[in-house]
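In: quick one, structure for this:
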Amino acid sequence: MTDGLPMSVPASGLPARVRIHEVGARDGLQNEKATVPTAVKAEFIHRLAAAGLGTIEATSFVHPKWVPQLADAAELMPLLADVDAHLPVLVPNERGLERALALGVREIAVFGSATESFAKANLNRTVDESLAMFEPVVARAREAGATVRGYLSMCFGDPWEGPVPVDRVAAVARRLHDLGCTELSLGDTIGVATPGHVTALLAALGEQGIPTDRLAVHFHDTYGQALSNTLAALQQGVTVVDASAGGLGGCPYAKSATGNLATEDLVWMLNGLGIDTGVDLDRLTATSVWMAEQLGRPSPSRTVRALSHQEP
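Out: Predicted structure coming up:
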């Protein structure tokens, strides 16, 4: 290793470039017990963009009662006007969409579930009811010229229901796709996926007629499988990977969920495979060290710790 980079040894059958969908500013910070000041969030996003991340999920226009950590969405977005990156936001319903569109946002996301238990816990609706709620949101967003990402959580396992049948996930994914979502992010919300399971689900989605170039993967590292699962997805042609700077975040409605795949760990692996991301790993690591200082604890990312010589 030299200059904080692994030796690059490309492997066959992998994409030349991967787009990282950075979720730390939204999915990461929404899980903090303390509310991070708006100015700190804005600086975090500016630093992430300066490190080369081209897609940074900025915030969520959800009711403050449910996610108080992101109650400042309307105050945050104007502070990001000069950020040279795509800044999608999460919206839960038509009211959230209206607020986002009024601020000029044209990249949104909705958050669904493949299981009834999580749909009830997270949205207080059945899967059918949540899809019905999303239908006008997606339609209105597309009419306004916005792209729409559909998050599908609990794609591999559910803390209440256990393993989730692949065919069920594929069927719900197809319904989200048919609503008009321009991208689907497959979430391993509690981190129980393994590579063979990932391959099987992607094959089932292909049988449902969902193109691989419309898919992203979102892995949690509960059992240390996030990178191996990501590699399995790349081998199947997926080129969009969700990750969180410094490994921030989990899921407030799934207590067994631990942190997201750390962006630095992902970039280290992709650099070693010769896959282009456009990300400066040293600058990204420095950003996560800075953010960890703001939060008052070390980063859980192994790569951040190794490159910055942080103690666990």
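In: who are the neighbours in contact with the closest residue to P88 other than its chain neighbours?
Out: Spatially, and ignoring its direct neighbours in sequence, P88 is nearest to E107 (3.8 Å; Cβ to Cβ, 6 or more residues apart in numbering). Using the backbone N, CA and C atoms, a C-beta is placed for each residue, glycine as well. Residues in contact with E107 (Cβ atoms under 8 Å, 6 or more residues apart in numbering) are H86, L87, P88, V89, A146, T147, R149.
In: please enumerate the helices of the protein.
Out: Along the chain, the stretches classed as helices by DSSP state H are 38-50, 73-76, 94-102, 116-123, 127-143, 166-179, 195-207, 226-235, 263-272, 281-295, 302-308.
In: what's the weakest-modelled helix or strand in this structure?
Out: helix 116-123 (a mean of 91; mean pLDDT, DSSP states H and E).
In: check which helices and strands that helix sits against.
Out: strand 107-113, helix 127-143 (3 or more Cβ pairs under 8 Å, 6 or more residues apart in numbering; DSSP states H and E).
In: how does it look with 7 Å?
Out: For helix 116-123, the packing partners by 3 or more Cβ pairs under 7 Å, 6 or more residues apart in numbering; DSSP states H and E come out as helix 127-143.
In: so the helix it packs on versus helix 94-102, what angle?
Out: 20 degrees (axes from the mean of the first three to the mean of the last three Cα atoms, to 10 degrees).
In: which parts of helix 127-143 are buried?
Out: V127, S130, L131, M133, F134, V137, V138, R140, A141, R142 (16 or more other Cβ atoms under 10 Å).
In: TSV for the residues you listed, including distance to E264?
Out: Formatted as TSV, those follow (distance: Cβ to Cβ, whole Å):
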residue	distance to E264
V127	35
S130	33
L131	35
M133	36
F134	33
V137	33
V138	33
R140	37
A141	32
R142	34
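In: the one residue sitting closest to the centre of the chain bridge partners, please.
Out: The chain has D242 as the residue nearest its centroid, 4.0 Å off, counting by Cα atoms, centre = their mean. For D242, the beta-bridge partners under DSSP bridges are H21.
In: list the contacts of the nearest residue to S60 once chain neighbours are set aside.
Out: Distances taken as Cβ to Cβ, 6+ apart place L90 nearest to S60, at 3.8 Å, with adjacent residues excluded. For L90, the contacting residues are R26, S60, V62, A109, F111, by Cβ atoms under 7 Å, 6 or more residues apart in numbering.
In: of the residues you listed, closest to G249?
Out: Of all those, the one with the least separation from G249 (Cβ to Cβ) is R26, at 8.4 Å.
In: circling back to that earlier point, which one of the contacts of L90 is nearest to S185?
Out: Looking across these and measuring by Cβ to Cβ, the closest to S185 is A109, at 7.8 Å.
In: hang on, that closest one packs against P92?
Out: No. Contact criterion Cβ atoms under 7 Å: A109 and P92 do not qualify, at 10.0 Å.
In: I figured S130 hits N122, correct?
Out: No. Counting by Cβ under 7 Å, S130 does not reach N122; the two are 8.6 Å apart.
In: next, show the common contact partners of the two.
Out: S113.
In: got the buried residues for stretch 114-128?
Out: A114, T115, E116, S117, F118, A119, K120, A121, N122, L123, R125, V127.
In: re earlier: give me the lowest-pLDDT entry from the contacts of L90.
Out: In terms of pLDDT, V62 ranks lowest among the contacts of L90, with 91.
In: what separation do you get for the nearest residue to that residue once chain neighbours are set aside and L76?
Out: The shortest distance from V62 to any non-neighbouring residue, by Cβ to Cβ, 6+ apart, is to P92 (4.9 Å). Noted for P92: a distance of 17 Å to L76, by Cβ to Cβ, to the nearest Å.
In: same check on H309?
Out: Distance from H309 to L76, by Cβ to Cβ: 32 Å.
In: between the two, who's got more neighbours?
Out: L76 (21 against 7; other Cβ atoms under 10 Å).
In: quick one: low-confidence ranges for the stretch 1-150 of the chain?
Out: 1-3 (pLDDT under 70).
In: burial of G272, as a residue count?
Out: 16.
In: right, I mislabeled it, should have said S8
Out: That count, for S8 with other Cβ under 10 Å as the rule, works out to 11.
In: ditto for the one 10 residues further on
Out: Residue crowding around V18 was assessed by other Cβ under 10 Å; the count is 25.
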